[in-house]
Structure formats: C-alpha cells, structure tokens
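Colleague: sequence plus the predicted model coming up.
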Amino acid sequence: MGEVDSAFIQAIEHRPKLAVTEADGIPLIDLSPLNSSDSNAIARLATEIGDACKNWGFFQVINHGVPLDCREKIESASRTFFTQSLEEKSNVRRGELSPMGYYDGEHTKNVRDWKEVFDFVVQIPTLIPASHEPDDKELKMLHNQWPVCKRFNEFFKDKTSFLRLNYYPCCPVPHLALGVGRHKDAGALTVLAQDDVGGLEVKRKTDGEWIRVKPTPNAYIVNVGDIIQVWSNDKYESVEHRVMVNSEKERFSIPFFFNPAHYTMVEPLKELLDDHQNRAKYEAFNWGKFVAARNLSNFKKLDLMDHVLFAEGFRCTMPMLGGSHAITYRFQSCCTGIAEAVETYSAAIKDVSVGLQEVPPLKSIQDKANAFSENLRSDQTTATGKVQDGLQYLSYVVVSTSMPAA
Ligand SMILES: O=C(O)CCC(=O)C(=O)O
Ligand SMILES: [Fe+2]
C-alpha cells in the first residue's frame, strides 16, 4: 500500500473504475429567461428544470448572473489557502467548540476521504442545537474562523506613516555633536534613503560597537522599529542607531516611518504566545496615544523616553503593577512642571507599594519637591533635570525590586 494510510482504502466493491463515463445526458440549462419579462420563456424554463429534477436530480446552469470575478476570487483564495503548510492551516482547524474552519480528517461511511476542507457559515452567527439529545433545547452559535493570511493589513488600513526630509548642515564640532542622538525608531519599520556622505551608525548587537552604514547608491536601509519588537515578542529587536555629522560635507537623508493606524493596540501577536516559554513580554498599548504623549514632549531635552525603547515602558517586568505603562505615561507627561512630578511620584508610588522596600516615603518626596519647586521655579531646566533624575531613580527602584532575587 506504499505510503497511503489504510484508513483511506475503500472496500473492493466501492473502488472506482479509472475509466470515466461522461454523463452527457445531464441537462444543461440556460437561465437567461430569468432576466427577461417573457412569461412563456420563463414557463418553458420551469418545465425544463422540473424535467431535469425528475429525470436526473442533477443539472448544470449557464447565464446564471454570478459575476465571473467573484468566482475567480474565491477559487484563487481557496487555492492560496490549501497550498499553505499544514501548520498554517491548522491555525483555523475546526474543533468541537468551533466546528467551522479547516479539516483534513473527514470520513464518509467510515472510510477516510482523500481531501481537505474549509467550512464557513453564511449567517453569523448560525444557530444549531448544542447536542443530539431530543430533550436538550440548548442552542449553540457557530462563528467562522478565517485564516489570517494578511495578518498585518488590518493595522495599516488607516496608517499614520510619514516621511521626513533630514538635512544635517556641516558641523564644526563633529566629535562633540550628533546629527541624531542614539535612539530607536518607535514605529513598525523605517525605510531610509541616505545620500553618499554617510553618517548613520548602528549599534552592533554582539558587542555594542557603533557601525557605520556604508552608503550604497540607490539602496534603501530598512530597520525594525519598536512595534515589530513588541509584535514579535522580542524576536526582532528594535536597534539603536545615531547619525554622525561632518565638518566638510552637509548630508541629506529621507526616512519613511511605516506606522499603523492610531487605534492599533500594539501587543505581542497571539499566535506567537503560549502559557509556557512564550508568554507575552509586553502589555497592549495604544499607538495613537503613545505618539500623542511623545509629541506632547516635542522631542525636547525633557523627552527621556526618546533615548530608550519607547515600548520598553510597556514591558511586563512588574506584574504587581500590571506593567509599567502607568509610570511611563506619567513619565511622558510630567516633565512640564514640578507639580505634575509630585503627582507622578505619588501615583507611581501608590501603584508600587506592594513589595517595595526602598522607595522613600511619599511625604518626604513631597516636601523635597515643594522646597525644590520654590527654589528652582525660575530655573525650569535644572528643575526638570532633577525631576528626571528622581523619576529615573524611581523607575530603577521599581525595576530592581521587581526582579526575582538572585
Ligand atoms: O539620517 C539618518 O541616516 C537616520 C535618521 C534617523 O535615524 C531618524 O530620523 O530616525
Ligand atoms: Fe531613526
């Protein structure tokens, strides 16, 4: 029997002959009279169909009015679906709870059919009895399971992508300044065109060295942003990069930031997760709110989070906090004044009170901040610097106390 599972083998009396008899007796019926108002033609058609049903119980129809492109689309979708790997198809495998979807183990009269199927209901939900028991009146709802062939399309329907034209003038102190300080791109992907001057440097993952990206005529540089890091649950990391400037040559570059719709909730893709090795490393966050928070700080010196992975604030390092986003958000918005900072401190400390030993008591922070506020209100820069230090300290304490003891 070679490789074929014996479950597929029909009993001798049911095995098909390989020679095929074309059933040209099966009626071919033209439905075009349905489009006319000729009642005689319609009556003749009805008779024709009646005869076919009586004599054959089968017939074919033409001129039926179903658009050809509909048919072509579903045929092509079907082909695409079934040519996927078994693993892919199994993502929508039907089961007891969800009987719609993919299946490859159908049996007819107890012999396994040599086929795969994909079932979907037309009415959503479709109601059917929950069991075969005659007295069981319970109904259950059938929903469809659709393959996610175009997994990312939904995120980019109303994308917030944008282009930027960068101009880096000649700089007299290229050893002291940077065209863009070290950072990671917050979006999904960046596609960058750079001229032939060069200056972009990428932090090599293996040893942290800054490596120059050599300009290649007509090439585009593509880098993974924070969103892909989160979607991939850290499989693809957003990499730090920076731009060196040049005392002799000005430089131009054109990044395209490929970003999802503002309402996208960014979180690790469910199909990559399980309850064991692959738990979600990030909490969901709203992309639009995230951008708004960043824009609020307007990339000024205050914007500490721009120097680190933006999404890092959503990493699940603090289970007792339900993630650190509470702090991050406040972190983002606090830097406008001391009062907000105190509020941030208070709120954050309240959040982390469980399991925290080293955070200074709220009262003392508040006292310090008040004194600080009085003395330094005239010097906003210094004040906010201190606030940042304080918040950094707080984050440090929060992170360190939430790490499991070594
Ligand atoms: O100018 C470059 O080469 C890169 C610019 C960049 O990293 C950015 O704008 O995010
Ligand atoms: Fe960048």
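Modeller: Thanks, I have the structure now. Numbers count the residues shown, from 1 in each chain. Ligands and ions are numbered 1, 2, ... in the order given.

Colleague: closest residue of the stretch 1-150 of the chain to ligand 1?
Modeller: Closest to ligand 1 within the stretch 1-150 of the chain is Lys150: 27.3 Å, counting by CB to the nearest ligand atom. All C-beta spots, glycine's among them, are computed from the backbone N, C-alpha and C.

Colleague: keeping just the C-alphas, turn stretch 156-175 into PDB.
Modeller: Written as PDB, here are the backbone C-alpha positions of stretch 156-175 (Å, rounded to 0.1, in the frame of the first residue of the first chain):
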ATOM      1  CA  PHE A 156      -2.200  49.600   8.300                       C
ATOM      2  CA  LYS A 157      -5.700  50.400   6.900                       C
ATOM      3  CA  ASP A 158      -5.500  53.900   8.300                       C
ATOM      4  CA  LYS A 159      -1.800  54.200   8.700                       C
ATOM      5  CA  THR A 160      -0.100  57.000  10.400                       C
ATOM      6  CA  SER A 161       3.100  56.600   8.300                       C
ATOM      7  CA  PHE A 162       5.100  59.700   7.400                       C
ATOM      8  CA  LEU A 163       8.100  60.800   5.600                       C
ATOM      9  CA  ARG A 164      10.800  63.100   6.900                       C
ATOM     10  CA  LEU A 165      13.400  65.100   5.000                       C
ATOM     11  CA  ASN A 166      16.600  65.300   7.100                       C
ATOM     12  CA  TYR A 167      19.200  68.000   6.500                       C
ATOM     13  CA  TYR A 168      22.400  67.800   8.500                       C
ATOM     14  CA  PRO A 169      24.500  71.000   8.000                       C
ATOM     15  CA  CYS A 170      28.300  71.000   8.200                       C
ATOM     16  CA  CYS A 171      29.200  70.900  11.800                       C
ATOM     17  CA  PRO A 172      32.400  72.500  13.200                       C
ATOM     18  CA  VAL A 173      32.500  70.100  16.100                       C
ATOM     19  CA  PRO A 174      31.600  66.600  14.700                       C
ATOM     20  CA  HIS A 175      33.400  65.000  17.600                       C
END
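
Colleague: burial of the residue of the stretch 51-200 of the chain found nearest ligand 1, as a residue count?
Modeller: Residue nearest to ligand 1 within the stretch 51-200 of the chain (CB to the nearest ligand atom): Leu200, separated by 3.6 Å. Leu200 sits with 23 neighbouring residues when counted by other CB atoms under 10 Å.

Colleague: residue contacts, it?
Modeller: Taking CB atoms under 8 Å, 6 or more residues apart in numbering, we find Leu200 in contact with 192, 194, 212-213, 221, 241-243, 253.

Colleague: JSON lines for the residues you listed, including pLDDT and neighbour count?
Modeller: Putting the contacts of Leu200 into JSON lines (pLDDT from 0 to 100; neighbours: other CB atoms under 10 Å) gives the following:
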{"residue": "Leu192", "pLDDT": "91", "neighbour count": "20"}
{"residue": "Gln194", "pLDDT": "92", "neighbour count": "22"}
{"residue": "Arg212", "pLDDT": "91", "neighbour count": "11"}
{"residue": "Val213", "pLDDT": "92", "neighbour count": "17"}
{"residue": "Ile221", "pLDDT": "92", "neighbour count": "17"}
{"residue": "His241", "pLDDT": "93", "neighbour count": "21"}
{"residue": "Arg242", "pLDDT": "93", "neighbour count": "16"}
{"residue": "Val243", "pLDDT": "94", "neighbour count": "20"}
{"residue": "Ser253", "pLDDT": "92", "neighbour count": "21"}
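
Colleague: next one, pLDDT for the residue of the stretch 51-200 of the chain closest to ligand 1 please.
Modeller: On the pLDDT scale, Leu200 is placed at 93.

Colleague: how near is the residue nearest to it when sequence neighbours are not counted to Cys170?
Modeller: Counting by CB to CB, 6 or more residues apart in numbering, Leu200 lies nearest to Val213, which is 4.5 Å off, once chain neighbours are set aside. Relative to Cys170, Val213 is positioned 20 Å away (CB to CB, to the nearest Å).
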